[in-house]
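Trainee: Could you work out the structure for the sequence below:
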Amino acid sequence: MPGPIVLVGSGEFTAAMEAVDRELLAGTGRARPRVAVVPTASWPDGEETFQRWLAEGEAHFAALGAEVEGVELRTRADALDGACAQAIGEADVVYLSGGKPDHLLDVLAGSPAEEALWAVHERGGVVAGCSAGAMVLAARQPRVGRRLFRFPLGWRDALGLVERTVVLPHYDAFPETLAAAVVLVAPRGTVVLGIDEETAAVGRDGAWQVRGPGRVTVWRGRGRTRHRAGETFRLSIPPPADEAGAADEWT
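Mentor: As a prediction, the model looks like this:
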């Protein structure tokens, strides 16, 4: 049975996510779960930043009783390296931290590292992503520049662990009018998840639960619902456009 997917708006490796991460580790059923920390998205900001996220991830999960391996996955060449794929594939929990989503997707898509990520998910392991890490776990990903979104907005196929979905992290950190503009041009047949900072959506078997102080805003077309900590929701993903008799806009 596929394992949980965790989408985090921000706050990876901090006290804000400690309760969520403890539960994820406990849910593996292992006395000392193995965690693979993957800070690839931070690499465009330099080696110092990459090493900082690596160290913070290792310290955070080690303090929670896990066996932690920081995966030295920076570039596409690393994603093609069997050692990085093995480190991911042997984990009970894989955690993709934040940074630049386009870089993370460029590195992972179609690589042995992505195959290992899917293998963890399909055998029941936890796959978690924060900010950029959450964005790449969705089905589609907006192209993001140095100043957040660039209009006209371009779209890419993401890794697709959460099908027919787009993730907008840091949702409460920018005007909702901007989010609405993204929603209006989102690929037809997708649900847009806006996840507040220091807040997580934990999904399994089609049901999602909100954890943390913020909210998760679910956009289905122009309609939206909001969900707070402890509340459970389902995505109710719309049918593909061609099933609805309209032209497919997944381009």
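Trainee: Spatially central residue in this structure, please.
Mentor: By Cα atoms, centre = their mean, the chain has its centre lying nearest to residue 134, at 1.6 Å.
Trainee: what does the longest helix anywhere in the chain contact?
Mentor: Selection of the longest helix in the chain by residue count, based on DSSP state H, yields helix 47-63. Outside helix 47-63, the residues within contact range by Cβ atoms under 8 Å, 6 or more residues apart in numbering are 12-14, 18, 21, 25, 35, 37, 39, 42-43, 68, 70, 72, 74, 93, 95, 97, 99. Bear in mind the C-beta positions are built from the backbone N, C-alpha and C, glycine included.
Trainee: out of those, which are buried?
Mentor: 12-13, 21, 25, 35, 37, 39, 42-43, 68, 70, 72, 74, 93, 95, 97, 99 (16 or more other Cβ atoms under 10 Å).
Trainee: And the residue nearest to the centre of the chain, its phi and psi?
Mentor: phi -70, psi -40 (degrees, to the nearest 10).
Trainee: Over to residue 162?
Mentor: Torsion angles, degrees, to the nearest 10, at residue 162: phi -110, psi 100.
Trainee: Now do the same contact list for it.
Mentor: Residues near residue 162 by Cβ under 8 Å, 6+ apart: 5, 7, 137, 138, 139, 203, 235.
Trainee: For it, give the beta-bridge partners.
Mentor: residue 138 (DSSP bridges).
Trainee: how much space between it and residue 202?
Mentor: Using Cβ to Cβ, to the nearest Å, residue 162 is found at 12 Å from residue 202.
Trainee: who touches both of these two?
Mentor: residue 5.
Trainee: Find the nearest non-adjacent residue to the residue nearest to the centre of the chain, please.
Mentor: Excluding the flanking residues, the one nearest residue 134 by Cβ to Cβ, 6 or more residues apart in numbering is residue 7, at 4.1 Å.
Trainee: residue contacts, the one you found?
Mentor: Taking Cβ under 8 Å, 6+ apart, we find residue 7 in contact with 128, 129, 134, 137, 162, 167, 169, 193, 195, 200, 201, 203.
Trainee: could you point out which element follows the lowest-mean-pLDDT helix or strand in the chain?
Mentor: The helix or strand of the chain with the lowest confidence, counting by mean pLDDT, DSSP states H and E, is strand 148-149 at a mean of 60. Later in the chain than strand 148-149, the nearest helix or strand by DSSP states H and E is strand 155-157.
Trainee: Buried ones in that next one, by neighbour count?
Mentor: Buried, per 16+ other Cβ under 10 Å, within strand 155-157: residue 155.
Trainee: That one - contacts with which helices or strands?
Mentor: If you count contacts as 3 or more Cβ pairs under 8 Å, 6 or more residues apart in numbering; DSSP states H and E, strand 155-157 packs onto strand 140-142.
Trainee: starting at the chain centroid, how far to the strand it packs on?
Mentor: For strand 140-142, the separation from the chain centroid amounts to 12 Å (computed by Cα atoms, centre = their mean, to the nearest Å).
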